[in-house]
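Asker: Let me see the structure of the following:
(one chain, ligands or ions: 3)
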Amino acid sequence: MTASRVLVLNSGSSSLKYQLLDMSRPSPATTLNGAATPHGDDSGSRLASGIVERIGEEGSVADHSEALGVVSKELRARGLGLDSPELAAVGHRVVHGGSRFTEPTLITDEVVAEIEKLVPLAPLHNPANVTGIKVARELRPDLPQVAVFDTAFHATMPEAAARYAIDRATADRYGVRRYGFHGTSHAYVSRATAKLLGKEPSEVNVVVLHLGNGASASAVRGGVCVDTSMGLTPLEGLVMGTRSGDIDPAVIFHLSRVGAMDVDEIDDLLNKRSGLVGLCGDNDMREIGRRMAERDASAQLAFDIYVHRLRKYVGAYSAVLGRVDAIAFTAGVGENSAAVREAALRGLEPLGIEIDAVRNAVRGTVARVVSTETSRVAVAVVPTDEELEIAQQAYSLVRP
Ligand SMILES: Nc1ncnc2c1ncn2[C@@H]1O[C@H](COP(=O)(O)OP(=O)(O)O)[C@@H](O)[C@H]1O
Ligand SMILES: CC(=O)OP(=O)(O)O
Ligand SMILES: [Mg+2]
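Answerer: Ligands and ions are numbered 1, 2, ... in the order given. Reported below is the predicted structural model:
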């Protein structure tokens, strides 16, 4: 029997998601204890999946290491632990791959050391990714472990989009450039959007809006990323759950000189105490929606700032692409918040974007078009599947 299962660990800033997939099954078959998630015609069969949410927040697990303990206990209880001989590989989401990692990579001690070196560039993510890698390697030193990088899909960006307009020698010396993140999701969703439209990825230009706790936009031309909103780190771009996204860099000098804050305090402020949580005290769009229904002014303002930034990026990437075939909403907020989708695109008819209020309001779990029949640009809700994408990339590396 050939081992054909892949365990995927996806450590986000607020969650640990895991999936165990059987890559030998072309269509979904096995479910276990009713725990497998519903899914469409993909090439893996999900044997188990789950999420440990709200890591580091009150009333939940303290950190990713503890979350991983919960996950391995859960898997072992179902006879699906890391000790299973049917495992072919573990696929790890790694957020920052720097300039070196642009392909799925077999993990060695040296690779772990390189990923650790990138911690300063993704402080909310790479430490958790490294924890997952270390725990899994300890439990199964014999098993191939594969790192799949968030930055990889964006490596194709032209220099004009990837370079910041700062002194070239300084930028090159310190690796300062736009790397972009959520690449696995942007890659998967742009392809899935083409499929939804009955086209090949090479035929369509798509603006992908990945709106989770972290959020990013990308402009994808014919399947290739040409621009994205996150930069050197996952801090730039859209307003996020706890991150500011774009600000004037001089805000930092001002807070340092006038506010007497040190660099770590400012880092903490912009990464953890800004965005939605900084504006209104909540980073969960569901809670913000509830508060808006009760006419809570700060929740409303946080929402307005969030969608204003989104609209700016839709406009910017429409210009970058020239012709836009689709705008795809994905991740926690993008897939579930009809209010965000509607507010972000309302009034954009002159750009050929006509969202259909009725279609948009229908809840669903599969990829769907929510624009009107006459809309020149298709607006789509496309559930992301970082785990399937990671499993496929990991599996093709160990079973080419
Ligand atoms: N039904 C919903 N309506 C609005 N927002 C939602 C809903 N469900 C989840 N979300 C939002 O999705 C976010 C999490 O998105 P997700 O993509 O899972 O995040 P991450 O991978 O960054 O941890 C939550 O913070 C919440 O704001
Ligand atoms: C890169 C990033 O922000 O990831 P997440 O949205 O999972 O926190
Ligand atoms: Mg995520």
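
Asker: what secondary structure does residue 136 sit in?
Answerer: helix (DSSP: H, G, I helix; E, B strand; the rest coil).

Asker: Please read the previous query as pertaining to residue 146.
Answerer: Relying on three-state DSSP, one would call residue 146 strand.

Asker: Next, the contact list for the nearest residue to it once chain neighbours are set aside, please.
Answerer: Counting by C-beta to C-beta, 6 or more residues apart in numbering, the nearest residue to residue 146 once its immediate chain neighbours are dropped is residue 394, at 3.8 Å. C-betas here are computed from N, CA, C, even on glycine. Going by C-beta atoms under 8 Å, 6 or more residues apart in numbering, residue 394 touches 6, 8, 89-91, 104, 146, 148.

Asker: Near ligand 1, which residues of the chain? Just list them.
Answerer: Taking C-beta under 6 Å from any ligand atom as the contact definition, the chain meets ligand 1 at 12-15, 212-214, 241, 283-286, 331-333, 336-337.

Asker: Emit the ChimeraX select command for whichever of the residues you listed are buried.
Answerer: Entered in ChimeraX, the line below selects the buried ones among those, by 16 or more other C-beta atoms under 10 Å:
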select :12,13,14,15,212,213,214,241,283,284,285,331,332,333,336,337
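
Asker: from the residues of the chain next to ligand 1, which are also near ligand 3?
Answerer: 12, 212 (C-beta under 5 Å from the ion).

Asker: so residue 330 touches residue 368, yeah?
Answerer: No. Here residue 330 lies out of contact with residue 368, judged by C-beta atoms under 8 Å, at a distance of 12.0 Å.

Asker: more crowded one of those two?
Answerer: More crowded of residue 330 and residue 368, by other C-beta atoms under 10 Å: residue 330, with 28 against 15.

Asker: what pairs with the more buried one across the strands?
Answerer: residue 210 (DSSP bridges).

Asker: thinking again about what came up before, which ones among the residues of the chain next to ligand 1 lie within strands?
Answerer: Within the residues of the chain next to ligand 1, residues falling in strands by DSSP state E are residue 15.

Asker: Among the residues of the chain next to ligand 1, which ones are in helices?
Answerer: Among the residues of the chain next to ligand 1, the members found in helices (DSSP state H) are 285-286, 331-333, 336.

Asker: re earlier: in TSV, list the contacts of residue 394 along with neighbour count, distance to ligand 3 and secondary structure.
Answerer: Shown next, in TSV, are those (neighbours: other C-beta atoms under 10 Å; distance: C-beta to the ion, whole Å; DSSP: H, G, I helix; E, B strand; the rest coil):
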residue	neighbour count	distance to ligand 3	secondary structure
6	28	19	strand
8	27	13	strand
89	25	21	strand
90	29	18	strand
91	30	15	strand
104	22	18	coil
146	26	19	strand
148	26	13	strand
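
Asker: All the helices of the stretch 201-350 of the chain, residue numbers only.
Answerer: With DSSP state H, counting those that start in this stretch as the definition, the stretch 201-350 of the chain shows helices at residue ranges 250-257, 263-272, 275-280, 285-293, 297-321, 331-336, 338-345.

Asker: What are the neighbouring residues in contact with the residue in the stretch 101-250 of the chain positioned nearest to ligand 1?
Answerer: With C-beta to the nearest ligand atom as the measure, residue 212 is the residue of the stretch 101-250 of the chain nearest to ligand 1, at 2.6 Å. Contacts for residue 212 (C-beta under 8 Å, 6+ apart) come out as 12, 182, 241, 331-334.

Asker: Can I get the helices of the stretch 201-350 of the chain in TSV including mean pLDDT and distance to ligand 2?
Answerer: Formatted as TSV, those follow (pLDDT from 0 to 100; distance: least, C-beta to the nearest ligand atom, whole Å):
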stretch	mean pLDDT	distance to ligand 2
helix 250-257	98	20
helix 263-272	96	10
helix 275-280	98	11
helix 285-293	98	13
helix 297-321	98	15
helix 331-336	97	7
helix 338-345	98	15
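
Asker: will you turn the ones you listed into CSV that also has distance to residue 373?
Answerer: Shown next, in CSV, are these (distance: least, C-beta to C-beta, whole Å):
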stretch, distance to residue 373
helix 250-257, 45
helix 263-272, 43
helix 275-280, 34
helix 285-293, 28
helix 297-321, 21
helix 331-336, 22
helix 338-345, 16
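
Asker: does ligand 2 sit close to the helix or strand that contains residue 73?
Answerer: Remark: residue 73 resides in helix 64-77, with elements defined by DSSP states H and E. No. Applying C-beta under 6 Å from any ligand atom, one finds helix 64-77 separated from ligand 2 by no less than 11.7 Å.

Asker: Helix, strand, or coil at residue 10?
Answerer: Three-state assignment for residue 10 (three-state DSSP): strand.

Asker: which residues does it bridge with?
Answerer: Counting by DSSP bridges, the residues bridging with residue 10 are residue 17.

Asker: which residues touch it?
Answerer: Residue 10 makes contact with 16-19, 93, 386-387, 390, according to C-beta under 8 Å, 6+ apart.

Asker: residue closest to the middle of this protein?
Answerer: Ranked by distance to the mean C-alpha position of the chain (C-alpha atoms, centre = their mean), the top residue is residue 182 at 3.6 Å.

Asker: Which strands and helices lie in contact with the helix holding residue 73?
Answerer: Other helices and strands packing on helix 64-77, by 3 or more C-beta pairs under 8 Å, 6 or more residues apart in numbering; DSSP states H and E, are strand 5-11, strand 15-22, strand 45-53, helix 126-139.
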